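Q: return atomic coordinates for the entry below.
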Amino acid sequence: MNGFRRLLAASVATFGLLASAPSVLAAQAPIHFADLNWESGSLITDVLRVIVEKGYGLPTDTLPGTTITLETALANNDIQVIGEEWAGRSPAWVKAEAEGKVVSLGDTVKGATEGWWVPEYVIKGDPAKGIKPLAPDLRSVSDLKKYKDVFKDPETPSKGRFLNSPIGWTSEVVNKQKLTAYGLQDDYTNFRSGSGAALDAEISSSIRRGKPVLFYYWSPTPLLGKFKLVQLEEPPFDAEAWKTLTDADNPNPKPTRSLASKLSIGVSTPFQKQYPQIAEFFSKVDFPIEPLNKALAEMSEKHTAPRDAAVAFMKAHPDVWQAWLPKDVAEKVSADLK
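A: Here you go, the predicted structure:
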């Protein structure tokens with residue numbers, strides 16, 4: 001009888017351990033971050049992961065995918081965090097947010113923008129390189145008509161050349177429509193390099209040779225941290241005009257600057273409820289644009305891994321990330337970085 005009782009007690013204890021195992025394993029399951037394949041997204045993601053791992057003691061990993069598949073995965077809680085979300089632009093995001101499945105936290109990179117740019121030397125010159133200012137009065141897109149010869153298209157010399165965004169982006173349509181809205185369609189060639197890498201190569205080649213170049217670009221990006229560039233002024237944003245620019249078939253597009261960019265951290269609603277302290281930290285994240293662009297440029301030039309670049313950024317700018325955190329959490333992260 002005593003043997004049976006001991007056996008029964010052992011069985012109950014074993015069952016108890018087995019029953020508790022899933023909850024233990026669940027507690028140790030990593031937080032899944034989106035594996036973002038552009039420089040700013042990967043750097044920001046790893047800064048967040050370092051803090052979550054070292055400051056809050058929680059494991060993390062990353063899962064790859066396209067923007068659309070990652071946003072869908074976030075809505076399903078298959079991943080929990082997208083470190084750089086251009087909130088409000090993607091139909092997948094708008095739908096999931098309306099259904100209460102995802103939340104955008106914070107305003108993580110104030111000053112993020114997109115528009116039309118020229119190298120600074122085109123306007124101011126560069127005496128050290130023997131470059132004279134070729135467009136000294138260039139300030140706005142409205143000035144471009146009189147400077148088409150400065151940005152001469154080698155294939156169509158009677159026109160200037162405008163380098164549009166990578167093929168397939170929403171901005172490709174917007175920029176084509178802007179050429180018409182600004183009355184420049186007969187003065188400038190709408191030139192498309194193809195990929196983002198091809199656009200970067202063309203811009204960088206022109207700048208290294210000290211040549212004038214007019215192009216679409218965005219930030220935060222390595223290119224803006226590498227060269228001195230000037231963004232041309234555009235008319236104030238107008239929501240109705242913006243609709244005409246995003247419609248490729250609209251025959252009468254109206255002039256306006258692009259929709260303001262808001263970068264945030266996208267999280268699934270279950271994650272926000274499970275980890276309110278991390279959600280609070282995410283809501284305070286704020287990367288100053290100039291140090292971020294410089295860090296991205298260095299990361300690109302040296303081919304630094306995102307985790308190493310994130311740690312280097314955190315060591316160089318402790319005042320930035322410590323401001324997002326409770327003191328005890330910041331101290332844990334600082335101790336690990338030493």
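
Q: show me what contacts the closest residue to R161 other than its chain neighbours?
A: Using CB to CB, 6 or more residues apart in numbering and skipping residues adjacent in sequence, the residue nearest R161 is D153, 3.7 Å away. (C-beta placed from N, C-alpha, C; glycine too.) Going by CB atoms under 8 Å, 6 or more residues apart in numbering, D153 touches 159-161, 188-189, 191.

Q: swap in Y275?
A: Contacts of Y275 by CB under 8 Å, 6+ apart are 31, 58.

Q: measure it to T269 for me?
A: Note on Y275: its distance to T269, by CB to CB, to the nearest Å, is 12 Å.

Q: which residues of the stretch 151-300 of the chain fall in helices?
A: 170-181, 196-208, 222-226, 239-246, 269-274, 276-283, 289-302 (DSSP state H, counting those that start in this stretch).

Q: between those, which one is closest to R49.
A: helix 276-283 (11.3 Å; CB to CB).

Q: which of the residues in the closest one are buried?
A: Residues of helix 276-283 classed as buried: 278-279, 281-283 (neighbour count, 16 or more other CB atoms under 10 Å).

Q: likewise stretch 138-149?
A: Those would be 138, 141, 144, 147-148, for stretch 138-149 by 16+ other CB under 10 Å.

Q: separation between the residue nearest to R161 and Q231?
A: For D153 relative to Q231 (CB to CB), the value is 22 Å.

Q: ok, W86 next?
A: Taking CB to CB, one finds W86 at 18 Å from Q231.

Q: neighbour count winner among those two?
A: W86 (20 against 15; other CB atoms under 10 Å).

Q: angles on the backbone of the more buried one, please.
A: phi -80, psi 80 (degrees, to the nearest 10).

Q: rewinding a little: pick out the most distant pair among the buried residues of stretch 138-149.
A: V141 and K148 (12.4 Å).

Q: now do the contacts for the closest residue to K254 other than its chain neighbours.
A: Distance criterion CB to CB, 6+ apart; nearest residue to K254, sequence neighbours excluded, is A241 at 3.6 Å. By CB under 8 Å, 6+ apart, the contact set of A241 is 181, 235, 253-256.

Q: what does A181 give?
A: Neighbouring residues of A181 by CB under 8 Å, 6+ apart: 241, 244-245, 253-256.

Q: and for H32?
A: 60-63, 78-81.

Q: now do the strands in this protein.
A: Using DSSP state E, the strands of the chain run over 31-34, 60-63, 81-86, 102-105, 113-119, 152-153, 156-163, 188-191, 214-219, 229-231, 263-268.

Q: what about those strands, which gets the closest to D336?
A: strand 60-63 (14.2 Å).

Q: report the strands that pair with that closest one, each with its relative direction.
A: When sheet partners are counted by DSSP bridges, strand 60-63 sits next to strand 31-34 (parallel).

Q: centre of the chain to the partner strand, how far?
A: Using CA atoms, centre = their mean, to the nearest Å, the distance from the centre of strand 31-34 to the centre of the chain it belongs to is 16 Å.

Q: what is the rounded mean pLDDT of that strand?
A: Per-region confidence: strand 31-34 scores 97 on mean pLDDT.

Q: and stretch 302-316, by the same measure?
A: For stretch 302-316, the mean pLDDT works out to 95.

Q: any stretches of the stretch 101-250 of the chain with poor pLDDT?
A: 168 (pLDDT under 70).

Q: how about residues contacting stretch 126-136?
A: Stretch 126-136 has contacts (CB under 8 Å, 6+ apart) with 118, 120-125, 143, 147, 150, 210, 212.

Q: next one: stretch 329-338
A: 50-51, 54-57, 281, 311, 314-315, 318, 321-322, 325.

Q: just the buried ones from the residues you listed?
A: Buried among those (16+ other CB under 10 Å): 50-51, 54-56, 281, 311, 314, 321-322, 325.

Q: from those residues, which is closest to E114?
A: Nearest member of the buried ones among the contacts of stretch 329-338 to E114, counting by CB to CB, is W321, at 25.9 Å.

Q: neighbours around I131, how many?
A: Count around I131 with other CB under 10 Å applied: 16.

Q: hmm, I typed the wrong one, I wanted A98.
A: Using other CB under 10 Å: A98 sits among 9 other residues.

Q: gap between it and A239?
A: 19 Å.

Q: repeat that for V320.
A: V320 is 33 Å from A239, by CB to CB.

Q: so which of the contacts of A241 is the most crowded?
A: P253 (24 neighbours).
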